[in-house]
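>>> the following comprises the amino acid sequence and a computationally predicted model.
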Amino acid sequence: MKPKVELIKGDITKIHADAIVNAANSSLLGGGGVDGAIHRAGGPKILEECRQIRNKQGKCKTGEAVVTTAGNLPAKYVIHTVGPIWNNDEKKCSELLAGCYKNSLELAESLGVKTIAFPNISTGVYRFPKDLAAEIAVQEVKNFQTETIEKIIFVCFDEENEKIYKKLLNE
Ligand code: ADP
């Protein structure tokens with residue numbers, strides 16, 4: 001099945017989807033940007049679950065993903081994935097970012113998720129070039145084979161990302 005791909009400009013904490021993805025850091029204990037927004041809007045239950053995951057399996061590696069419930073958010077699940085910090089090793093960083101999308105989608109599939117929303121992982125504090133990050137995101141989403149996911153939403157918070165995604169998705 002090929003999922004529908006949508007673009008929305010706005011705040012991912014407001015999205016009604018089965019799962020929203022968080023651009024977390026490897027500590028899983030919260031941070032700024034979209035991570036801060038998700039924990040603020042979702043309440044303490046998400047952080048508590050993150051803590052339990054950390055106690056059980058340690059830090060989350062870059063490119064990997066873990067899941068919690070979504071506390072007070074309109075979503076059912078939050079999938080926390082750790083994006084790479086951009087460091088000019090384009091090949092390595094690109095592989096790791098692709099892993100974030102792929103592993104999040106696989107986790108979502110295993111949970112029977114029908115709709116999932118992604119932020120623009122690594123393009124904030126982690127300084128991944130926005131054009132390249134968007135190309136990788138769109139490519140991973142388009143390559144993904146799924147039986148359960150019907151809709152994938154890219155949520156762009158800033159205008160620059162929105163423009164980039166609009167162009168890519170219309171090609
Ligand atoms: P990273 O550390 O992975 O770079 P950031 O949270 O700093 O994570 O930024 C990732 C992206 O999330 C950026 O493009 C930023 O504009 C965006 N962002 C910030 N707040 C929100 C939000 N509430 N909803 C959706 N996207 C957001």
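Here it is on my side, so go on. These numbers come from a predicted model, not from an experiment.

>>> correct me if wrong: residue 137 contacts residue 101.
Yes - counting by CB atoms under 8 Å, residue 101 is a contact partner of residue 137 at 5.7 Å. Where C-beta positions appear, they are placed from N, C-alpha and C, glycine not excepted.

>>> and the longest helix for this structure?
What stands out as the longest helix in the chain, according to DSSP state H, is helix 90-110.

>>> around the ligand, pick out the residues from the protein.
11-13, 23, 33-35, 37, 83, 119-126, 155, 157-158, 161 (CB under 6 Å from any ligand atom).

>>> quick one: secondary structure of the residue nearest the centre of the chain?
Geometric centre of the chain, nearest residue: residue 21, 3.4 Å, by CA atoms, centre = their mean. Reducing the assignment at residue 21 to three states with DSSP: H, G, I helix; E, B strand; the rest coil gives strand.

>>> OK, contacts around it?
Residues in contact with residue 21 (CB atoms under 8 Å, 6 or more residues apart in numbering) are 12, 65, 78, 79, 80, 81, 104, 116, 117, 118, 119, 121.

>>> okay, and which of those residues map to helices?
Per DSSP H, those map to helices at residue 104.

>>> near the nearest residue to residue 63 once chain neighbours are set aside, how many other residues are there?
Nearest non-adjacent residue to residue 63, counting by CB to CB, 6 or more residues apart in numbering: residue 99, 3.2 Å away. Using other CB atoms under 10 Å, residue 99 has 21 other residues around it.

>>> identify the residues contacting residue 99.
Neighbouring residues of residue 99 by CB under 8 Å, 6+ apart: 62, 63, 64.

>>> measure it to residue 140 for me?
Distance, residue 99 to residue 140, using CB to CB, to the nearest Å: 9 Å.
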